[in-house]
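Q: what shape does this take:
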Amino acid sequence: MLSTIEARQDQLNQLFEEIFPEEMKRSKEGPRQRTQKSCCPEIPDDTLILKAKLAKNGNDFEALWRGSTLGYTNPNTGISDDSAADMALMNMLAFWTGGNATQMERLFSRSGLGQRDKWQDRPDYRERTIQKAIADAREFYKPLEEGKMLTSEVDENSISEEDLKAFPRVENPRLDIKLEPDNFITLYMTYGAKTCDAYPEYHYTSAISLLAICTNRNLVLKLSQDDLYPNIWAMNLGKSTVSRKSAAIGKFSRFAGDLFPLAALLQSYSPEGLLEELTEKPRGYLVKDEAAAMIEAMEKNYMLEMRDIYCILYDCKGYRRKLRTSQRNKQSEFGAKDPFINLLCATTPEAFSRYTTLNDLTSGWLVRFIYAFPNYKKQYIHFKPVSEEDQNAYAEVLSRLARIKGLLFNRDPPIEIQLEPDAWAYYQAWQEQREGELVEIGDDIQLAFFGRLAFTALKMAILFTIGRLDYAEEKAVSLEHVQEACRQVDSYFIPIGRIIADIIAMDEANNLQEKILATLGRNGGRLKWASLMRLIHQDRDKIEKAIAALVESEEVEDKPIHKKGHKSAR
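A: Next comes the predicted model:
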């Protein structure tokens, strides 16, 4: 006998009311009246958003505001949880709005997280999240100091100079290292911190680069997709002088010069010169204390091929090409066989953004770097004579590095390193989860960074392993080292990549606005849209955004053209 499913809504409602009487009561009463928990006046939405982005945790706020859920997991299961990200943003909104539930809901609905069906279609979820954030709040933002009053002379949509000065300086994320105390990376960073006041992040890129050079293509992880070699490309960004980029690279160069004197590549190349050098020296390292000129040169037509060469070298693929030599105009074949190249570069963020486009990050060679970009207040160390303690510390670091070099640098045949089974399981779950989150968010920049950082995480885990005090050939990469590499990617390298992309995008936008103003100036101060697009050579959406910004700043006017008997045109 076949059974059928019948409509039983009345019975379901009765059962629900018996189990959840308070929920049913609220449902019948309709939405509860919301009140602002604090006594502070409501801050206009756009001003509040700006304040939140300028705050000390502004980078976290902006990531959540854009819809990113990276790094938010259920504390009980450790699995990615969108609700945890929702709660994090709502907690911030509770602080900034003074517990104003209506404004909290309005702002959250404008955010990237607020575009999801779970928020749009679930009033019960919205209410529960808002009320929990208000209940959990320990303090609220106070826009004015006690004793001060708002007057009619103050524009309530603006931020006062005193209020702006009260904001903590916006700090980029800090790189937190959780490795063994006797790991080479920890040892090197400790030595660097005692002898130089460069940012610790710069000592980290130096340490991991030195380990990468030690492997000399003699350590390989066999993947079904391709062989993976742990070479590292790193870029240190920071303000001139105060960040001490040069001091950090100077220490790196001293260790590298003592242990790998023949592996150093020349500082500057043409594409042809690089290929000739790699013919003789396919394995080596390039260090650039000031990389601005190198990045700028890549924009020139004769250097466009260099980008492709670098991308191939990063993947440790061979590259061959015939070049015309000076000997009776004879052609000879040059290139790199089994290359293994490491790069450590440094420059200022201003120079980097000036000579870089977003295309370099989404599809170009610069996305292959890991970036260190610290800007927080750090310790200051006075210049002083080198001490015996400094010399002993240097000798200890050099000895550890020499031991690692002895195990790997001239190894023949190469060692096939393995991951422990639970390390593989963790990495695969992490990669699938993060990639899925980024695809859902639709952030092409973060997705491009992660596409490379997913492989870099494996390289880092390998280098953490060979940095162990007890490293030997039979050592496999442990779960702990894979987790640490993935954690660093989540908490530092992806967020820093997003910050760098924002700087580049802002620089591009400003450059485009200047180009539009200059083009208008050369054409009598007015142009039709079609003519402007033809002269600017940019996508229409980019031009429209730039024009909108210029209109808002009242630098240009965008007016329709009226002709009798014709439709309006721009």
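Q: hey, let's count contacts and neighbours off CA atoms from now on
A: Noted.
Q: how's this protein carved up into domains?
A: Listed by automatic domain parsing, the domain ranges of the chain are 23-142+162-166, 184-504.
Q: tabulate the ones you listed (TSV), appending distance to residue 541.
A: Shown next, in TSV, are the domains of the chain (distance: least, Cα to Cα, whole Å):
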stretch	distance to residue 541
domain 23-142+162-166	20
domain 184-504	15
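Q: so of those, which one's packed in deepest?
A: Highest mean neighbour count of the domains of the chain: domain 184-504, a mean of 18 (counted as mean count of other Cα atoms under 10 Å).
Q: which residues in this structure form strands?
A: Assigned by DSSP state E, the chain shows strands spanning 219-222, 227-228, 233-237, 283-288, 319-324, 331-336, 340-347, 370-372, 415-416.
Q: distance of residue 206 from residue 96?
A: As judged by Cα to Cα, to the nearest Å, residue 206 and residue 96 stand 40 Å apart.
Q: tell me which of the domains of the chain sits nearest to residue 173.
A: Residue 173 sits nearest to domain 184-504 of all the domains of the chain, at 6.2 Å, using Cα to Cα.
Q: start and end of that closest one, how far apart?
A: This stretch, domain 184-504, spans 34 Å end to end (Cα to Cα).
Q: state the mean pLDDT of it.
A: For domain 184-504, the mean per-residue pLDDT is 89.
Q: wait, what's in contact with the residue most central in space within the chain?
A: By Cα atoms, centre = their mean, the chain has its centre lying nearest to residue 497, at 2.0 Å. Going by Cα atoms under 8 Å, 6 or more residues apart in numbering, residue 497 touches 371, 446, 449.
Q: so in terms of bridging, what pairs with the first one?
A: Listed by DSSP bridges, the beta-bridge partners for residue 371 are residue 235.
Q: wait, it sits on residue 238?
A: No - in this structure, residue 371 is not within contact of residue 238 by Cα atoms under 8 Å, at 10.6 Å.
Q: contacts only, for residue 205.
A: 234, 236, 344, 372.
Q: now it: how far from residue 127?
A: Separation of residue 205 from residue 127 (Cα to Cα) stands at 46 Å.
Q: could the strands of the chain be laid out in JSON lines, adding distance to residue 517?
A: Shown next, in JSON lines, are the strands of the chain (distance: least, Cα to Cα, whole Å):
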{"stretch": "strand 219-222", "distance to residue 517": "53"}
{"stretch": "strand 227-228", "distance to residue 517": "48"}
{"stretch": "strand 233-237", "distance to residue 517": "31"}
{"stretch": "strand 283-288", "distance to residue 517": "36"}
{"stretch": "strand 319-324", "distance to residue 517": "44"}
{"stretch": "strand 331-336", "distance to residue 517": "46"}
{"stretch": "strand 340-347", "distance to residue 517": "30"}
{"stretch": "strand 370-372", "distance to residue 517": "34"}
{"stretch": "strand 415-416", "distance to residue 517": "58"}
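Q: for residue 359, which of those is the nearest?
A: Closest among those, once you apply Cα to Cα, is strand 370-372, at 16.7 Å.
Q: what residues does that closest one touch?
A: By Cα under 8 Å, 6+ apart, the surrounding residues in contact with strand 370-372 are 201-202, 205, 232-237, 453, 493, 496-497.
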